[in-house]
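>>> return a 3D structure for these sequence lines:
(one chain, ligands or ions: 1)
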Amino acid sequence: MNPAKRRTVIAGNWKMNFTPAQAREFIANVTPLVAGKDNCDIIFCAPYVTIAAAMEAAEGTNIKIGAENVHFAPKGAYTGEVSAEMLRAIGVEYVIVGHSERRQYFAETDETVNLRTKAALAAGMKVILCLGEVKEQRLAGITDEVVGMQTKLDLAGISAEELKNVIIAYEPVWAIGTGLTATPEQAEETCAVIRNVLADLYGAEVAETVTIQYGGSMNDANAAELLAKPNVDGGLIGGASLVPEKFAAIVNAAQ
Ligand code: 13P
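Below is the predicted model of the structure:
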């Protein structure tokens, strides 16, 4: 983290978990544990049908609720999809775009990730843009090239002004849901590579202001070490974001 230069953001990605009632209960339980922890932004990204209940439960707290995806078209024949305007209409401020599970299971590409990012930004939302290498790419020694290419393609056509509303989540795919975490050194190295690419695209001054989270089996036991690295500005947390005590411990590590 480097709080002097950029905001630390601890975000939960609930994935396909929590009914509205379960979300209300979770928020009620986690709220007292994270109250007053103002050195980071705290966000939970929820399934579409759970967003409204979670927002209601989080009203008046330091917790914000986001969505897990958004479609790029303003409206039309896209069965099962949700537009940026629809999310804004219910007060959603944050949205995850480009998660590796979307890329892997739902055929999302850098091109559609870029379009979704643009649609969310145009609607006035803040985007948590996920990218990261798969295991074979890390083993082949091409992680830097892969994340560099994703950064460039996913942000194509996005201005420095718009970039103020983009958080990047570096999520090595081999570390997601596997219990394998990147070492703090690996996380730092690749987050720094992403920042260098941002510097090429937008200039060093702008790049220094962008929050770059790490995601991939971040938990209560490893968060402090990861967040101690200067280029790791927060976390995007899956499994541990479903357990109030574990999530709160990560928020504490960011204080
Ligand atoms: P886990 O924390 O369960 O590995 O998930 C990480 C993730 O995919 C967050 O978006």
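>>> any idea how far the residue in the stretch 151-255 of the chain that the ligand sits nearest to is from residue 167?
Relative to the ligand, the nearest point of the stretch 151-255 of the chain is residue 238 (2.3 Å; Cβ to the nearest ligand atom). All C-beta atoms are positioned from the backbone trio N, CA, C, and that covers glycine. Between residue 238 and residue 167 the distance is 16 Å, computed by Cβ to Cβ, to the nearest Å.
>>> ok, residue 72 to residue 111 distance?
Distance of residue 72 to residue 111, given as Cβ to Cβ: 10 Å.
>>> neighbour count: those two, which is higher?
When residue 72 and residue 111 are compared for neighbours, residue 72 comes out ahead with 20 against 12, by other Cβ atoms under 10 Å.
>>> look up phi and psi at the closest residue to that one other than its chain neighbours.
In space, and not counting its chain neighbours, residue 72 is closest to residue 115: 3.6 Å by Cβ to Cβ, 6 or more residues apart in numbering. Main-chain torsions, residue 115, degrees, to the nearest 10: phi -70, psi -40.
>>> and the helices in the chain?
Using DSSP state H, the helices of the chain run over 20-34, 48-58, 84-89, 100-105, 110-122, 135-139, 143-154, 160-163, 184-202, 204-207, 223-227, 244-253.
>>> could you redo those as a markdown table and give each row mean pLDDT?
What follows is the helices of the chain, written out as a markdown table (pLDDT from 0 to 100):
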| stretch | mean pLDDT |
| --- | --- |
| helix 20-34 | 98 |
| helix 48-58 | 98 |
| helix 84-89 | 98 |
| helix 100-105 | 97 |
| helix 110-122 | 98 |
| helix 135-139 | 96 |
| helix 143-154 | 98 |
| helix 160-163 | 98 |
| helix 184-202 | 98 |
| helix 204-207 | 98 |
| helix 223-227 | 98 |
| helix 244-253 | 98 |
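>>> turn those into a markdown table, including distance to the ligand.
Shown next, in a markdown table, are the helices of the chain (distance: least, Cβ to the nearest ligand atom, whole Å):
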| stretch | distance to the ligand |
| --- | --- |
| helix 20-34 | 16 |
| helix 48-58 | 16 |
| helix 84-89 | 18 |
| helix 100-105 | 7 |
| helix 110-122 | 14 |
| helix 135-139 | 14 |
| helix 143-154 | 15 |
| helix 160-163 | 21 |
| helix 184-202 | 13 |
| helix 204-207 | 23 |
| helix 223-227 | 11 |
| helix 244-253 | 10 |
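>>> for the closest residue to residue 179 other than its chain neighbours, give me the pLDDT.
Spatial nearest neighbour of residue 179, chain neighbours left out: residue 217 (5.5 Å); criterion: Cβ to Cβ, 6+ apart. Note for residue 217: predicted pLDDT of 95.
>>> now the farthest one out in this protein, which residue is it?
Here the centre of the chain is the reference, and by Cα atoms, centre = their mean the most remote residue is residue 77, at 27.8 Å.
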